[in-house]
Structure formats: structure tokens, C-alpha cells
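> Here you go, sequence then predicted model.
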Amino acid sequence: MTDPKTAALKHGVFAVVASGGRELPAVTGAAALASEVDDALAQIEADLGGDLSGAQKEILRACRVPMLVLRLAEAYLIQSGVTDKRGRVRGLLRVVGVYSNTLRHNLSALGLERKIRDRGTIEAYVAEKYGQAERTESETPQGK
């Protein structure tokens, strides 16, 4: 049976869980994965409209550890495979299942749909995006 302390050195999942996501394990690529998670959380906050209630902020904050665990586990399983040398399914998959479900519940509580932000009129968007006002039909050359 795999010793959890040895396994933690391999994939870092237990280190993240034990520290509540405050500490990253000494695993290659852990800092990059944490940065990806932080970017994803910022995107989720933006998708929710950016002005979150206190409860929404706490739920979003609670998503960080499961996201870190899942990213570390995914990287480890891609590198090492789903089964060990004896052909047994890795126990890490149970952890993945639990944290996947936790993340799903948290995201469901936040609402999975994207909230539309008011960006004004289409003309204002085009002017901002392309640096010019949309041409009206009267300005458009005939036959084009």
C-alpha cells in the first residue's frame, strides 16, 4: 500500500490539502498550476459580474483548494498513469472524485451561467474595439 507521505512527495495533493491551499508542494510545475487556478478564479469572478456578495466570495475562495488538488492530480496521473506498477488503480483517483464533486457543488452554488455585463450599445463596442464608429448605410459605397 502506498504511504501517503511518499505519495505526497510525488503529486503534492496532500500538501495542498493539509495547508488549505496556502502552501504549494515541492512538485515541478506546482507554481504554474497555482497561477492557472488563480487566473481561472479571476475569470469566474468576472463571469459572475465582478461585484460578488460576501457569500459568493467565500464560495469562490472555497473553490481554490479543490482546483489545486485536481490540477496537481491531473498532472501526476498524466505523467504516471492511472494504474501503478502492479496494475492497480491509484488511490489518488478517489481523491479526484471527492474534490471534483466538491468543486461542482461550489460552482453550482455560484451559478454556472455567465452573467452578462452591460457594455453599452453595439456602436460603442465597435468604436472601442476597432477604434472607429460603425459606418452607417448612407456612408457605405453603393454595390459593396
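On my side now, so go ahead.

> Leu107: what's it in contact with?
Contact partners of Leu107, counting by C-beta atoms under 8 Å, 6 or more residues apart in numbering, are 44, 63. Where you see a C-beta, it was placed from the backbone N, CA and C, and this is true even at glycine.

> one more time with 10 Å, if that's ok
44, 59-60, 63, 66-67 (C-beta atoms under 10 Å, 6 or more residues apart in numbering).

> So it: helix, strand or coil?
At Leu107 the chain is in helix, as set by DSSP: H, G, I helix; E, B strand; the rest coil.

> tell me the centre residue of the protein?
Nearest residue to the geometric centre of the chain (C-alpha atoms, centre = their mean): Ala40, 3.8 Å.

> Nearest spatial neighbour of it, chain-adjacent residues omitted?
Using C-beta to C-beta, 6 or more residues apart in numbering and skipping residues adjacent in sequence, the residue nearest Ala40 is Met67, 6.5 Å away.

> Please tell me how far the one you found sits from Leu107.
Plainly put, Met67 is 10 Å away from Leu107 if you go by C-beta to C-beta, to the nearest Å.

> where do the contact lists of those two overlap?
Ile44.

> Please, where are all the strands along the protein?
Here the chain has no strands by DSSP state E.

> Including pLDDT and distance to Val13, could the contacts of Leu107 go into TSV?
Shown next, in TSV, are the contacts of Leu107 (pLDDT from 0 to 100; distance: C-beta to C-beta, whole Å):
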residue	pLDDT	distance to Val13
Ile44	92	22
Ile59	95	22
Leu60	94	21
Cys63	95	16
Pro66	94	11
Met67	95	12
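
> Cross those against helices and list the overlap.
44, 59-60, 66-67 (DSSP state H).

> between these, which is nearest Ala127?
Nearest to Ala127, judged by C-beta to C-beta, of the ones in helices among the contacts of Leu107 is Ile44 at 29.0 Å.
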